[in-house]
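**Q** pasting the structure only:
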């Protein structure tokens, strides 16, 4: 079994910054891609940013240039630095990670979600 523990989130004013962090724990054999997805009220679940094990990063066009994803492979941690936040960034943000457990089973694990609200 593996688990994702998220931290960060809350209320921030437009133009402000916020950092989300997520750590994978448990019976980990390998870790492939880590990332953050989000779901705003009334909208579909969408990718925010991901980073592969070789460091390749993908961003949603709406966050390009404002969000930065980074990964600490030694600690199985991923961090999303969000700058110049806009009201449309308001959403529940979910961490995701995939790989293999020590028993050989594949995992595609989701965090519990953390609310980010951008409002004055």
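**A** Yep, that arrived. Predicted model only: the values in this text are computed from it and were never measured. Numbers count the residues shown, from 1 in each chain.

**Q** quick one: low-confidence parts of this protein?
**A** Along the chain, segments meeting pLDDT under 70 are nowhere present.

**Q** Would you state the strands of it in chain order?
**A** 2-7, 10-12, 18-26, 28-39, 46-51, 57-59, 67-72, 77-82, 91-101, 106-110, 114-118 (DSSP state E).

**Q** tell me which residues in the last one are buried?
**A** This means strand 114-118. Residues 114, 116, 118 are the ones in strand 114-118 that count as buried (16 or more other CB atoms under 10 Å). All C-beta spots, glycine's among them, are computed from the backbone N, C-alpha and C.

**Q** Equivalent analysis for the fourth one, please.
**A** Counting neighbours by 16+ other CB under 10 Å, one finds that the buried residues in strand 28-39 are 28, 31, 33-38.

**Q** angle of that strand against strand 18-26?
**A** On the basis of axes from the mean of the first three to the mean of the last three CA atoms, to 10 degrees, strand 28-39 is oriented at 150 degrees to strand 18-26.

**Q** which residues are contacting strand 28-39?
**A** Strand 28-39 has contacts (CB atoms under 8 Å, 6 or more residues apart in numbering) with 2, 20, 22, 24, 45-53, 58, 69, 71, 73, 76, 78, 80, 89, 91-102, 104, 116.

**Q** Double-check residue 95 against residue 110; I have them as touching.
**A** Yes: counting by CB atoms under 8 Å, residue 95 does reach residue 110; the two are 7.1 Å apart.

**Q** Which residue is the nearest non-sequential neighbour of residue 11?
**A** Once flanking residues are discounted, residue 11 sits nearest to residue 117: 4.8 Å by CB to CB, 6 or more residues apart in numbering.

**Q** give me every residue that touches the one you found.
**A** Here residue 117 is in contact with 10-12, 90 (CB under 8 Å, 6+ apart).

**Q** Give me the distance between it and residue 40.
**A** Noted for residue 117: a distance of 11 Å to residue 40, by CB to CB, to the nearest Å.
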